[in-house]
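Novice: missing the sequence, but the structure's below:
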Ligand code: F6P
């Protein structure tokens, strides 16, 4: 019987993580399950930063970016000794289920932890990158895309006024999903992503339109970041100069969109149900607008 669960956010934060914490806590408490919050991700389990999460702690958070549980990337959890300490802390509090919202590195952490801890573990895809196998969307992606599109709309105003050209760099680590969505939604003249071979001659051809131009580049593109692309294009075009705008961590912050809030809330509820069904080492995924459990692709 599931008596106590712990919630955790891990890796890079993603808008919607607070909605996950809120909905999951409320749902579990309503089911009579005790809920604990782990502060600062995997490092927090090792350092015993684990506290009861009463309903009063999760009010007024659905609209906030970041995560009230904080997050981190823990080197120590990658060691067996670190994971042993973590397991001892969870056992002392008699926690029998863990729900972790994070990216693929966080999923790998859960997979590794099964050797040290016998509790049930469920992963939730929380990353702006939308790069987790088996799910159509990850929590935070929609907000990050909207944030970048809004920024480009602003750049277009000033670009139009001055007939200026912009190279806009978006996040995504090794994945071009943010760049592709942002490029489509902002009407960019060209999008460079790591999944395809980028050809600077083609980019140069695409920006021959009059007025201002927007080129979106994913941070992981093999040609390099926005400064490198600007340099290559200036050399190619001869007469144009390019302004660089790196959106960086702005894409991780801010109010989550309604879509991310709903996704995070529904996935959190599905995770509690999965634990109640006796599942472990599974991830919640959204496929064709339905929720399902997949293997953890750690
Ligand atoms: O995985 C989320 C992400 O924001 C990536 O898009 C980016 O490459 C990375 O994290 C940045 O990590 P950090 O915040 O450690 O610089």
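Specialist: All right, it came through fine. In this text, all values refer to a predicted model and were calculated from it rather than measured experimentally.

Novice: which residues of the stretch 51-200 of the chain fall in strands?
Specialist: Taking DSSP state E, counting those that start in this stretch, the strands of the stretch 51-200 of the chain run over residues 97-102, 120-125, 165-170, 190-192.

Novice: Show me what the third one is in contact with.
Specialist: Residues lying outside strand 165-170 but in contact with it, judged by C-beta atoms under 8 Å, 6 or more residues apart in numbering, are 148, 151-152, 155, 159, 178-179, 182, 188, 207, 212-219, 225-227, 229-230, 233, 240-248, 251. From N, CA and C alone the C-beta is placed, and that goes for glycine too.

Novice: Report whether it contacts the ligand.
Specialist: No: remark: strand 165-170 sits outside contact range of the ligand, by C-beta under 6 Å from any ligand atom, the gap being at least 8.4 Å.

Novice: Let me know how buried the closest residue to residue 162 other than its chain neighbours is, in neighbour terms.
Specialist: The spatially closest residue to residue 162, leaving aside those adjacent along the chain, is residue 212, at 7.4 Å (C-beta to C-beta, 6 or more residues apart in numbering). Residues lying near residue 212 (other C-beta atoms under 10 Å) number 20.

Novice: which phi and psi does residue 212 have?
Specialist: Main-chain torsions, residue 212, degrees, to the nearest 10: phi -100, psi 160.

Novice: And it, how far from the ligand?
Specialist: As judged by C-beta to the nearest ligand atom, to the nearest Å, residue 212 and the ligand stand 26 Å apart.

Novice: circling back: with mean neighbour count and mean pLDDT added, can I get the strands of the stretch 51-200 of the chain in CSV?
Specialist: Shown next, in CSV, are the strands of the stretch 51-200 of the chain (neighbours: other C-beta atoms under 10 Å; pLDDT from 0 to 100):
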stretch, mean neighbour count, mean pLDDT
strand 97-102, 29, 98
strand 120-125, 28, 98
strand 165-170, 26, 98
strand 190-192, 25, 98
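
Novice: among those strands, which is nearest residue 278?
Specialist: Closest of the strands of the stretch 51-200 of the chain to residue 278 is strand 120-125, at 7.4 Å (criterion: C-beta to C-beta).

Novice: Which neighbouring elements make contact with the closest one?
Specialist: Identification of packing neighbours for strand 120-125 by 3 or more C-beta pairs under 8 Å, 6 or more residues apart in numbering; DSSP states H and E yields strand 97-102, helix 104-113, helix 258-276, strand 282-287.

Novice: what angle do that strand and helix 258-276 make?
Specialist: Strand 120-125 runs at 170 degrees relative to helix 258-276, counting by axes from the mean of the first three to the mean of the last three C-alpha atoms, to 10 degrees.
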